[in-house]
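> Here you go, sequence then predicted model.
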Amino acid sequence: MDATARYVLDEQIGYLLRRVTQRHLAIFSAHLPQVTTTQWAAMARLMQVGPLSQNLLGRETGMDAATIKGVVDRLARVGLVATSPDPSDRRRLVVDLTAEGRAYCAQGLAAAAAVSDETLAPLEPAERAQLLALLSRLV
């Protein structure tokens with residue numbers, strides 16, 4: 001059997017993950033249209049752990065330096081986060097949610113949970129847990 005016969009696009013992990021991601025992004029934008037998934041991830045992490053350096057926030061959310069800078073800049077422009085120099089290292093920026101950002105996150109938690117529920121809706125509860133566990137091993 002040659003490689004072409006063995007390679008079925010619909011069975012490839014990258015293809016399937018991209019299709020699931022497209023579906024998830026559509027669901028996300030229907031529930032939380034004001035922010036992107038990367039913006040929400042940054043805000044949710046800040047809500048969870050408090051102020052972080054921009055660099056650490058990027059690492060904590062799986063974003064490279066350029067991506068997290070753009071995310072933080074956009075969130076700051078709309079008043080959801082604020083940045084300030086780190087008192088211990090003035091070259092480093094600390095990012096924190098503003099009062100408006102904390103309120104937005106608090107109000108958005110139910111919608112964010114609904115996004116996950118809707119994304120996983122085709123699966124039974126045990127399948128959901130298994131999928132999440134397996135994906136966590138791939139990260």
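Everything's here; your move. None of these values were measured; they are calculated from a predicted model.
> lowest-confidence helix or strand of this structure?
Least confident helix or strand, the chain: helix 3-6 with a mean of 76, by mean pLDDT, DSSP states H and E.
> and the gap between residue 50 and residue 24?
Distance, residue 50 to residue 24, by CB to CB, to the nearest Å: 27 Å. The C-beta positions use only the backbone N, C-alpha and C, and glycine is treated the same way.
> my bad, residue 74
From residue 74 to residue 24 the distance is 20 Å (CB to CB).
> other SSEs contacting the helix ranked longest in the chain?
The single longest helix within the chain, with elements called by DSSP state H, is helix 99-120. Here helix 99-120 touches helix 13-31, helix 37-49, going by 3 or more CB pairs under 8 Å, 6 or more residues apart in numbering; DSSP states H and E.
> Throw those helices into TSV and include distance to residue 138, thanks.
Output for the helices and strands packed on helix 99-120, formatted as TSV (distance: least, CB to CB, whole Å):
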stretch	distance to residue 138
helix 13-31	9
helix 37-49	17
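> Pick the most deeply packed of those.
Across those, averaging neighbours per residue (mean count of other CB atoms under 10 Å) puts helix 37-49 on top, at a mean of 19.
> From the contact counts, what lies against it?
Identification of packing neighbours for helix 37-49 by 3+ CB pairs under 8 Å, 6+ apart yields helix 13-31, helix 54-60, helix 65-77, strand 81-86, strand 89-97, helix 99-120.
> can you rerun that using 6 Å?
helix 65-77 (3 or more CB pairs under 6 Å, 6 or more residues apart in numbering; DSSP states H and E).
> Any buried residues in the helix it packs on, and which?
Within helix 65-77, the residues that count as buried by 16 or more other CB atoms under 10 Å are 68, 71, 72, 74, 75.
> could I get those as CSV with distance to residue 11 and pLDDT?
Below are the buried residues of helix 65-77 laid out as CSV (distance: CB to CB, whole Å; pLDDT from 0 to 100):
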residue, distance to residue 11, pLDDT
68, 34, 98
71, 34, 98
72, 38, 98
74, 37, 98
75, 38, 98
